[in-house]
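Engineer: quick one, fold the following:
(chains A and B)
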Protein chains: 2
Amino acid sequence: MDAQHNPRVVIVGGGFGGLLAARTLTGNPVQVTLIDRQNFHTFQPLLYQVATAGLSPGEIAAPIRWILRSRRNVEVLMSEVQDFDLARNVVKLTDGEVAYDYLIVASGASHAYFGHDEWEPFAPGLKTIEDALEIRRRVLLAFELAERQAASGKEQVQLNFVVIGGGPTGVELAGTLAEISRRALANEFRTIDPRKTRIVLLEGGPRILPAYPEDLSRSAEEQLRRLGVEVHTSALVTSVAPGAVQMGKTRWPAAVILWAAGVAASPLGKKLGAPVDRAGRVLVNPDLSLPGHPEVFVIGDLAALKDENGKWLPGVAPVAMQEGKATAHNIAAELRGEPRKNFHYFNKGNLATIGRAAAVAEFGKIHISGFVAWLAWLFIHIFFLIGFRNRIIVLVQWAWSYFTYERGARLITGDRHLPGWDELREEEAEGHTAAD
Amino acid sequence: MDAQHNPRVVIVGGGFGGLLAARTLTGNPVQVTLIDRQNFHTFQPLLYQVATAGLSPGEIAAPIRWILRSRRNVEVLMSEVQDFDLARNVVKLTDGEVAYDYLIVASGASHAYFGHDEWEPFAPGLKTIEDALEIRRRVLLAFELAERQAASGKEQVQLNFVVIGGGPTGVELAGTLAEISRRALANEFRTIDPRKTRIVLLEGGPRILPAYPEDLSRSAEEQLRRLGVEVHTSALVTSVAPGAVQMGKTRWPAAVILWAAGVAASPLGKKLGAPVDRAGRVLVNPDLSLPGHPEVFVIGDLAALKDENGKWLPGVAPVAMQEGKATAHNIAAELRGEPRKNFHYFNKGNLATIGRAAAVAEFGKIHISGFVAWLAWLFIHIFFLIGFRNRIIVLVQWAWSYFTYERGARLITGDRHLPGWDELREEEAEGHTAAD
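Structural biologist: Below you'll find the predicted structure:
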């Protein structure tokens, strides 16, 4: 069979970058192997909806082999990449090896604690479906534990939810948590009043959404406040402990602490042997290839590349998708004997959602806030969601919660222990109060 | 406040029985406290759909406090009941106590291994959302591991899925697994052929669905065979080991083993101090009260009661619902000074689903099979599903998979180890073959 002799392109990672590369390579004279640890692609922009019980995991994820089912030259392997042997053109898996002619590494990023990994158990981040389920579990459990405590006649525990980091993820989480406590849960408890939950967003820098223009940052802060979020900027967290966040001498008791402050590239980046930046992202050539290895490409959140203006490209889905596509085109061109092209990011605009009918959007010089930005955000995200079925279901879920304020996926699964709760309860019993 | 002096009814368990009791007590001069370990009610008849990746957990479950949100005299506590002190009229929780005037115990049943609890890690049962996710994980993982093994050029592993127990749950699982392997996954793998998966249903008795009339058992068996299931009756499992099921001298190597053979009542039944049957069900009075304790009722799968014809009432949702309602009515009657009534089950009919367009139904003397029975099953189950939003979503999901054969929730979450896989692979390598 002729196809057997086509060059093999191995893609590591089934996120936006990897998927777009695989799709774009369809129909070219190559065999593609896409490797991912998970059997599914996660639509990361909607992860916060799973974390806040608005959507179920199955509604924002789709099996990678289903997405690529009709691409006959693509095979999908669920496996974990351990290392690379660039001299032998081989990817090393937990069990076995896969040889490549071209390699595209698109293994993404995870959250990082700036050298304080010991904070993770008390302040989970949001990068995977499992993370989202853990956050959902903690948030819902906090209300249940508070109700149980109060119903048994003991001192009521003031619920504070502290979100650390004022980037897009922190803003989404804080806004949606405010919505839940003020609306979805408001009438379902008999002893506690969920509306008294304090939602606190802590940002270390001078303004939230620092990657956006200043007027949109201000607007986002205003929209958050209207939803009931307390926003603190220039708020440097010095430590995270069970049930509390410390900022210098100020101490925030917190039933739930969420981490949205730092990102680190996948550890696979360092195994490629090329220089990396502080976040572990690989410093790639202008065509996204690995220095010294034209047959290896690094794309998406794992790649560090500057745009024409000397600004680092952000770790967002549109960059990863365009990089995946460009890399596939470069491989196809090279196989036809044509030269490669350097990567240029075409920025169509930036959108960040805040909560119900609240968002900010930047399309070049046009800045929009509020309901219209939120509608734009909503339709763009439903449009890009993978799978027609998912689009319908998410639209129904969304319309439903828009009109009823209900959240469809409020299940506490996993164990029933909330890290930090015992410490918090003891502290309350001793009469400490929340910082102001 | 007057309501404070109303008698307190404590309900243990938020399944069909407990929920119906709570709902029926609304508007009566009682305070109700419903206690459940979970924060959500699970619509058990659709659990097999979660186990087979057709639906997401959030689509067949709803928060108990959401279901009861408008019942102002009902409070919901998420907590675990440890014991009862019937002398002091108190329910003991992990943290604290709740006093009652009336107690309704509706803590249900779980799967049982007939004294072989050591089989559980290799043959999970299906009673909770967590069970369903574990089964889904194993089934999907088996295909992924087989593909990885085959893609690396090693000997292909014959996938056998063995379901032990030919009651309604075993039949649903076997039928749907056949559907998945023959349809949903058929074209998505490049090396293995999922259609070659053998789905085996083992029933210890002489026929499957033993609680149904004989003609429907025969029809169900025929419908299963048409879907591609191998049905073996009078098949007594003598042991379950990692990667294999033993029936006397016959050995079935199996990538996935599922347990649908035995049910045991919740261990709380024994703590009530009254006689229990072999399955741990409490032998209740004709009004569902506990012998010697007229203020305590036991309902649903935890109760053992005979109907007019001397037949034990089955552990199904309609029985639990009618018992919950009847008990609430008896309590209300007693508070009005009226006498209690004995419980009579009104059997509206029995339905068991087998797979796509396959089911059996018994409405008195009318026996139906196939598509019509399946449609009846489908609409009745969507109708009883709790929450209008869930009904819409499940209907969309169902219509979608009916026409496309796709399964919407094919995510492998949790760890990536399949119990028994290594044993199975070694055995294959030694040249053993599947039993016939």
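Engineer: hmm, residue A:71 is touching residue A:23, no?
Structural biologist: Yes: contact criterion CB atoms under 8 Å: residue A:71 and residue A:23 qualify, at 6.8 Å. In this view, the C-beta of every residue, glycine as well, is placed from N, C-alpha and C.
Engineer: what comes up buried for stretch A:379-387?
Structural biologist: A:381, A:385-387 (16 or more other CB atoms under 10 Å in any protein chain shown).
Engineer: who touches that stretch?
Structural biologist: Contact partners of stretch A:379-387, identified using CB atoms under 8 Å, 6 or more residues apart in numbering or on different chains, comprise A:41, A:43, A:45-46, A:60, A:62, A:66-67, A:317, A:351, A:391, A:394-395, A:398.
Engineer: mean confidence for that stretch?
Structural biologist: The predicted model assigns stretch A:379-387 a mean pLDDT of 87.
Engineer: kindly report the same for stretch A:77-89.
Structural biologist: The pLDDT scores in stretch A:77-89 average 97.
Engineer: what's the first-to-last distance across that stretch?
Structural biologist: Start and end residues of stretch A:77-89 are separated by 18 Å (CA to CA, to the nearest Å).
Engineer: from chain B, how far off is residue A:104?
Structural biologist: 18 Å (CB to the nearest CB, to the nearest Å).
Engineer: and the closest residue to chain B within the stretch 301-436 of chain A, how many neighbours does it have?
Structural biologist: Using CB to the nearest CB, the single residue of the stretch 301-436 of chain A nearest to chain B is residue A:409, 3.3 Å away. By other CB atoms under 10 Å in any protein chain shown, the residues close to residue A:409 number 26.
Engineer: my understanding was that it contacts residue A:50; is that so?
Structural biologist: Yes: under the criterion of CB under 8 Å, residue A:409 makes contact with residue A:50 at 7.2 Å.
Engineer: tell me where the stretch 51-200 of chain A has helices.
Structural biologist: Taking DSSP state H, counting those that start in this stretch, the helices of the stretch 51-200 of chain A run over residues A:57-60, A:64-67, A:129-151, A:168-179.
Engineer: so which elements touch the second one?
Structural biologist: Spelled out, that is helix A:64-67. Applying 3 or more CB pairs under 8 Å, 6 or more residues apart in numbering or on different chains; DSSP states H and E, one finds that helix A:64-67 contacts strand A:40-42.
Engineer: and for residue A:409 and residue A:50, which residues touch both?
Structural biologist: Both residue A:409 and residue A:50 are contacted by A:56, A:136, under the criterion CB under 8 Å, 6+ apart.
Engineer: pull the contacting residues for the residue most central in space within chain A.
Structural biologist: Closest to where the C-alpha atoms of chain A average out (CA atoms, centre = their mean) is residue A:127, at 4.2 Å. Residues in contact with residue A:127, defined by CB under 8 Å, 6+ apart, are A:44, A:47, A:109-111.
Engineer: if you set the cut-off to 10 Å instead, what comes out?
Structural biologist: Applying CB atoms under 10 Å, 6 or more residues apart in numbering or on different chains to residue A:127 gives the contacts A:42, A:44, A:47, A:108-111, A:169, A:263, A:301.
Engineer: ok, back up a step: the residue of the stretch 301-436 of chain A closest to chain B belongs to a strand?
Structural biologist: No: counting by DSSP: H, G, I helix; E, B strand; the rest coil, residue A:409 is not found in a strand; it is coil.
Engineer: so where do the strands sit in the stretch 101-250 of chain A?
Structural biologist: Secondary structure of the stretch 101-250 of chain A (DSSP state E, counting those that start in this stretch): strands located at A:102-105, A:109-111, A:160-164, A:198-202, A:229-232, A:239-241, A:244-247, A:250-253.
Engineer: for residue A:309, find the nearest of those strands.
Structural biologist: Shortest distance between residue A:309 and those, using CB to CB, is found for strand A:109-111: 22.8 Å.
Engineer: got the contact list for the closest one?
Structural biologist: Outside strand A:109-111, the residues touching it (CB under 10 Å, 6+ apart) are A:15, A:120, A:123-128, A:131, A:165, A:169, A:259-267, A:269, A:279-281, A:300-302, A:315.
Engineer: so how do I select the buried members of those residues in PyMOL?
Structural biologist: Typed into PyMOL, the line below selects the buried ones among the contacts of strand A:109-111, using 16+ other CB under 10 Å:
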select buried, chain A and resi 15+123+124+125+126+127+128+131+165+169+259+260+261+262+263+264+265+266+269+279+280+281+300+301+302+315
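Engineer: bridge partners for residue A:360, pull those for me.
Structural biologist: residue A:352, residue A:369 (DSSP bridges).
Engineer: what about it, how many neighbours?
Structural biologist: For residue A:360, using other CB under 10 Å, the count is 28.
Engineer: contacting residues for it?
Structural biologist: When contacts are counted by CB under 10 Å, 6+ apart, residue A:360 touches A:168, A:171, A:209, A:212-213, A:215-220, A:223, A:350-354, A:367-370, A:373-374, A:377.
Engineer: how about 7 Å then?
Structural biologist: A:209, A:212, A:216, A:219-220, A:352, A:369, A:373 (CB atoms under 7 Å, 6 or more residues apart in numbering or on different chains).
Engineer: got it, and residue A:263?
Structural biologist: By CB under 7 Å, 6+ apart, residue A:263 lies in contact with A:109, A:111-112, A:279, A:315.
Engineer: out of these, which is nearest to residue A:142?
Structural biologist: Nearest member of the contacts of residue A:263 to residue A:142, counting by CB to CB, is residue A:111, at 20.6 Å.
Engineer: burial count for that closest one?
Structural biologist: Using other CB under 10 Å, residue A:111 has 20 other residues around it.
Engineer: ok, it to residue A:262 distance?
Structural biologist: Residue A:111 sits 6 Å away from residue A:262, taking CB to CB, to the nearest Å as the criterion.
Engineer: now residue A:14
Structural biologist: Using CB to CB, residue A:14 is found at 24 Å from residue A:262.
Engineer: dump the strands of the stretch 101-250 of chain A into CSV; add distance to residue B:361 as well.
Structural biologist: Formatted as CSV, the strands of the stretch 101-250 of chain A follow (distance: least, CB to CB, whole Å):
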stretch, distance to residue B:361
strand A:102-105, 53
strand A:109-111, 51
strand A:160-164, 49
strand A:198-202, 51
strand A:229-232, 53
strand A:239-241, 57
strand A:244-247, 58
strand A:250-253, 57
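Engineer: any chance of the ones you listed in a markdown table, plus mean pLDDT?
Structural biologist: Formatted as a markdown table, those follow (pLDDT from 0 to 100):
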| stretch | mean pLDDT |
| --- | --- |
| strand A:102-105 | 98 |
| strand A:109-111 | 91 |
| strand A:160-164 | 97 |
| strand A:198-202 | 97 |
| strand A:229-232 | 97 |
| strand A:239-241 | 94 |
| strand A:244-247 | 94 |
| strand A:250-253 | 92 |
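Engineer: residue B:237 is nearest to which of these?
Structural biologist: Of all the strands of the stretch 101-250 of chain A, strand A:109-111 sits nearest to residue B:237, with 43.9 Å by CB to CB.
Engineer: quick check, distance from the closest one to the centre of its chain.
Structural biologist: On the basis of CA atoms, centre = their mean, to the nearest Å, strand A:109-111 sits 8 Å off its chain's mean C-alpha point.
Engineer: that one pairs with which strands, and in what direction?
Structural biologist: Here strand A:109-111 is paired, per DSSP bridges, with strand A:263-265 (antiparallel).
Engineer: residue A:363 against residue A:349, yeah?
Structural biologist: Yes: taking contacts as CB atoms under 7 Å, residue A:363 lies within contact range of residue A:349: 3.9 Å.
Engineer: for the stretch 151-300 of chain A, which residues are neighbours of chain B?
Structural biologist: Contact residues (CB under 7 Å from any CB of the partner chain) of the stretch 151-300 of chain A with chain B: A:151-152, A:187-188, A:190.
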